[in-house]
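> Fold the stuff below for me.
(chains A and B)
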Amino acid sequence: MSFAWAKPYEPQTGFTKWIDEKLPLPRLVYNAVGAGYPVPRNLNYMWNFGVLAGFCLMIQIVTGVILAMHYAANTEVAFATTEHIMRNVNSGWLMRYAHANGASFFFIVIYLHIFRGLFYSSYKAPREMIWLLGVVIFLLMMATAFMGYVLPWGQMSFWGAKVITGLFGAIPLVGESLQVWLVGGFAPDNAALNRFFSLHFLLPFVIAGVVILHIWALHIPGSSNPTGIEVKQESDTVPFHPYYTAKDGFGLGIFLLAFTFMVFFLPNMLGHPDNYIEANPLSTPALIVPEWYFLPFYAILRAFTDDLTIPFTGIVLIQAKLLGVIAMFGSILLWFFLPWLDKSPVRSGHYRPMFKKFFWFGFIPCMIALFIAGGAPAEQPYVLLSQIATAYYFLHFLVILPIVSQIEVPKPLPYSITESVLGSDDAAPGKTASSGAKGADDIGSLQPAE
Amino acid sequence: MSIRLGAIIAGLGIVGILFFWSLLPGAINYAPPEKPDYYAFKEKPIAPEGGFSFEGPFGKWDNAQLQRGYQVYKEVCAACHGLKFVAFRNLSELGYSEAEVQAEAANWTVPGIDPNTGETTTRPGKPTDQFPSPFANDVAAAAANNNAIPPDLSLMTKARKDGTNYLYSLLSGYGEPDPEIAATVPEFETPAGLYFNKYFSNVNIAMAPPIVIDGQVTYADGTEATVNQMSADVAAFLTWTAEPTLVKRKQTGWPVLGFLLFATILAYLSKKQIWAGLKPKKK
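Numbering: from 1, shown residues only, chains lettered A, B, ... in the order given. Reported below is the predicted structural model:
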């Protein structure tokens, strides 16, 4: 770790010394999530979601590998093998419900993780790379989740796949050939199901790889914190273990309580009843909706209802469908530019009065509106709602954020993390000897209480 | 600065396209969707009096009701609807003994292969067989049912919103349209070959009323077979076929939640103790 006071790893026994010489894996773990990683002492519970997201990935991989042992990716039997898992495989129902709800909880956790990053501007220098890798993970997650939802081969699986793969057909000139090539036919069928299964198995391991890079990039500048000011001194930090292992342990307990409650008592609440009907290419469901975690982006896709034409001539420049596709992918891809769009020197939203207002009264209601509009049929007033919310979404990131960061007068920042926690810091300039001594006393021992 | 200027231009551009080409025309021609004529009749599913025994976090199967429901399925529904994900052996979960399951399976005729000639034939069911489909294929099913294929019922209660109550309401909810509403929606009609049912998605269903009179089934356990009773019983049975592990799932949930609650309290206390040394002293 980069801080000079990081506790060095010292193997105690002969065995750990031997291991440390051959393959210093315990050293790596010690420095990554052990006592060797100094972390700001003021992290709030919003900083729990990184560890929780890693835990979700593990739940998904473990339950998914078990499900794959009993599932067959063939349109003739996919639906039946899914029911076989639910009925005949020992605890198969538990594995499948945990996997399906695990995906939902993974997205709940990741959205909170992203919103935390947005509010505290965790994407700003020197942490741009962590943010960029995070966006890559999010895109990989979306692809994985989409393909996973197709596997049971129910009605929503099939029609969702048809709608989403149909988006590629909107690309000018090559669109239709590209779509046929990607899907392996004119509509999703056995070829599509097989490749989706193959990729759905592969991508989580790609995600795990990018997660390692994400954590590696995190350990170079160290964790951000709610004040947004950088670590200055040893009293600003505590070792990750035991302080944050304990805090994350409590957070994990709360997470598991909510997760198991859904798995055991409301396992189908976040799903769609139509997916318990076997896929039928000849019968279109009344309302095709994606899984709940895609609804905001689905709303952006459907917000563009009319072609871009030259007025009074009727000449179509860009079709509405293509506009929607560009906007939907653009709405996530613009996150890649965020570190350079928001130039405010202050990170934390707590010290940015203008930004804070736009975040809570603009961005959050906008996401809720997109969520509602995405799940509703394409009719008024939901179309209008999705259009207003989509307009705000792009204005927020591309116009409001750059301008606000330019004109905003931030509130004064505390001198250090220590000062923000304790109210005073003896290292701060202009402190009297008495208050300084008191501060040092207050910091107390950095060792865990006996 | 250039990247931010580019972003502002791009942002205003995409919002401009959205505003002038999609939002504005939509707002000018704003028209709330016209509700179809059947909409006035449609109603949400209702629960039978007393609800179902398996509902709620502590719900349990009522085996007597499931057995009655099975009897209704066998004597009424099975004429047109299959149950392909359920095997006869699963009936033991309803409280039937092994001998009873064997005898019950043998009452059914399943497709088989003649061991001497190799030709397709039929034979009595065995506990390991799945419930047979009443039609050879979808074409035969459509031909026999005015072009409406009777769906398989294995998963029906999970494939509809509020499925158990929906099935109960649908089966007991046939009747004539409310004359008062019908007077206000004169264009509404039930086409020939369809039947009015205010719980069905568009209130005109192809299925003829399956449960029509009290006493249509003579229950083995002597329960009075009213239309509502039979509808509730078969809805309960089909909830079991849709998710045989429903009760087991809830029963497994409680110890898991209890353990996690205990572990979370311990985790909270240890977190509190570990962080205690760091807390600033009260002034």
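
> How is chain A divided into domains?
A:37-267, A:298-419 (automatic domain parsing).

> So for the last one, first residue to last residue, what's the gap.
The straight-line separation of the ends of domain A:298-419 (Cα to Cα, to the nearest Å) is 45 Å.

> can you redo the domains of chain A as TSV with distance to residue A:426, mean neighbour count and mean pLDDT?
In this view, the C-beta of every residue, glycine as well, is placed from N, C-alpha and C. What follows is the domains of chain A, written out as TSV (distance: least, Cβ to Cβ, whole Å; neighbours: other Cβ atoms under 10 Å in any protein chain shown; pLDDT from 0 to 100):
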stretch	distance to residue A:426	mean neighbour count	mean pLDDT
domain A:37-267	9	19	95
domain A:298-419	9	18	91
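
> Those: which one's closest to residue B:3?
domain A:298-419 (5.0 Å; Cβ to Cβ).

> Give me the contact list for the helix or strand of chain B with the lowest mean pLDDT.
In chain B, the helix or strand scored least confidently by mean pLDDT, DSSP states H and E is helix B:179-184, which has a mean of 83. The contact list for helix B:179-184 (Cβ atoms under 8 Å, 6 or more residues apart in numbering or on different chains) reads B:40-41, B:188.

> How far off centre is the very next helix or strand once past it?
Next in sequence after helix B:179-184, counting helices and strands by DSSP states H and E, comes strand B:195-196. Mean-position distance between strand B:195-196 and its chain equals 20 Å (Cα atoms, centre = their mean, to the nearest Å).

> now stretch B:117-132
28 Å.

> Please identify the buried residues of that stretch?
B:125-127, B:129-132 (16 or more other Cβ atoms under 10 Å in any protein chain shown).

> Please give me every residue in contact with residue B:72.
B:211, B:217, B:230, B:233-234, B:237.

> between these, which is nearest residue A:199?
Nearest to residue A:199 among these, with distances taken as Cβ to Cβ, is residue B:237, at 39.9 Å.

> Hmm, residue B:66 and that closest one touching each other?
Yes - in terms of Cβ atoms under 8 Å, residue B:237 counts as a neighbour of residue B:66; the distance is 5.3 Å.

> For these two, indicate the residue with more neighbours.
Neighbour count, other Cβ atoms under 10 Å in any protein chain shown: between residue B:237 and residue B:66, residue B:237 has more, with 27 against 24.

> where along the stretch 351-450 of chain A do the helices fall?
A:353-358, A:364-375, A:382-395, A:401-407, A:417-422, A:433-443 (DSSP state H, counting those that start in this stretch).

> Would you agree residue B:81 is in contact with residue B:151?
Yes - Residue B:81 lies in contact with residue B:151 (Cβ under 8 Å); the separation is 6.9 Å.

> Between the two, which is the more surrounded one?
Shown here are residue B:81 and residue B:151; by other Cβ under 10 Å, residue B:81 has more neighbours (22 against 16).

> just for the stretch 151-283 of chain B, where's the confidence low?
By pLDDT under 70, the weakly predicted segments of the stretch 151-283 of chain B are B:279-283.

> ranges for the strands of it?
B:195-196, B:204-205 (DSSP state E, counting those that start in this stretch).

> among the ones you listed, which is nearest residue A:235?
strand B:204-205 (73.2 Å).

> Okay, now the sheet partners of that closest one, with direction.
strand B:195-196 (antiparallel) (DSSP bridges).

> Run through who's touching the partner strand.
Strand B:195-196 has contacts (Cβ under 8 Å, 6+ apart) with B:41, B:174-177, B:190, B:203-209.

> please redo it, this time with the cut-off set to 10 Å
The contact list for strand B:195-196 (Cβ atoms under 10 Å, 6 or more residues apart in numbering or on different chains) reads B:38, B:41, B:173-177, B:182, B:188-190, B:203-209.

> just to revisit the earlier point, C-alpha coordinates for the least confident helix or strand of chain B, CSV please?
What follows is helix B:179-184, C-alpha atoms only, in CSV (Å, rounded to 0.1, in the frame of the first residue of the first chain):
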residue,chain,number,x,y,z
PRO,B,179,-76.7,-5.5,-17.2
GLU,B,180,-76.0,-2.0,-15.8
ILE,B,181,-72.5,-1.9,-17.2
ALA,B,182,-73.6,-3.6,-20.4
ALA,B,183,-76.2,-0.8,-20.9
THR,B,184,-73.4,1.8,-20.8
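
> sorry, back to before: what would the helices of the stretch 351-450 of chain A look like in JSON lines with distance to residue B:166?
Formatted as JSON lines, the helices of the stretch 351-450 of chain A follow (distance: least, Cβ to Cβ, whole Å):
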{"stretch": "helix A:353-358", "distance to residue B:166": "44"}
{"stretch": "helix A:364-375", "distance to residue B:166": "20"}
{"stretch": "helix A:382-395", "distance to residue B:166": "25"}
{"stretch": "helix A:401-407", "distance to residue B:166": "47"}
{"stretch": "helix A:417-422", "distance to residue B:166": "56"}
{"stretch": "helix A:433-443", "distance to residue B:166": "63"}
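
> In the stretch 301-450 of chain A, which residue sits nearest chain B?
Using Cβ to the nearest Cβ, residue A:398 is the residue of the stretch 301-450 of chain A that sits closest to chain B, at 2.7 Å.

> Test my guess that that residue contacts residue A:341.
Yes - counting by Cβ atoms under 10 Å, residue A:341 is a contact partner of residue A:398 at 7.2 Å.

> can you redo the helices of the stretch 351-450 of chain A as a markdown table with distance to chain B?
As requested, those are arranged in a markdown table below (distance: least, Cβ to the nearest Cβ, whole Å):
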| stretch | distance to chain B |
| --- | --- |
| helix A:353-358 | 14 |
| helix A:364-375 | 13 |
| helix A:382-395 | 4 |
| helix A:401-407 | 4 |
| helix A:417-422 | 5 |
| helix A:433-443 | 5 |
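
> Quick one: closest of these to residue A:96.
Closest to residue A:96 of these is helix A:364-375 (Cβ to Cβ; 23.5 Å).

> what helices or strands is the closest one leaning on?
Counting contacts by 3 or more Cβ pairs under 10 Å, 6 or more residues apart in numbering or on different chains; DSSP states H and E, helix A:364-375 packs against helix A:92-119, helix A:295-303, helix A:382-395.

> Just to check, residue A:404 is in contact with residue A:363?
No - at 11.6 Å, residue A:404 does not count as touching residue A:363 under the criterion of Cβ under 10 Å.

> In space, what's closest to the residue nearest to the spatial centre of chain A - neighbours in sequence excluded?
For chain A, the residue nearest the mean C-alpha position is residue A:110 (2.9 Å; Cα atoms, centre = their mean). Spatial nearest neighbour of residue A:110, excluding adjacent residues (Cβ to Cβ, 6 or more residues apart in numbering or on different chains): residue A:53 at 5.5 Å.

> Fine by me, thanks again.
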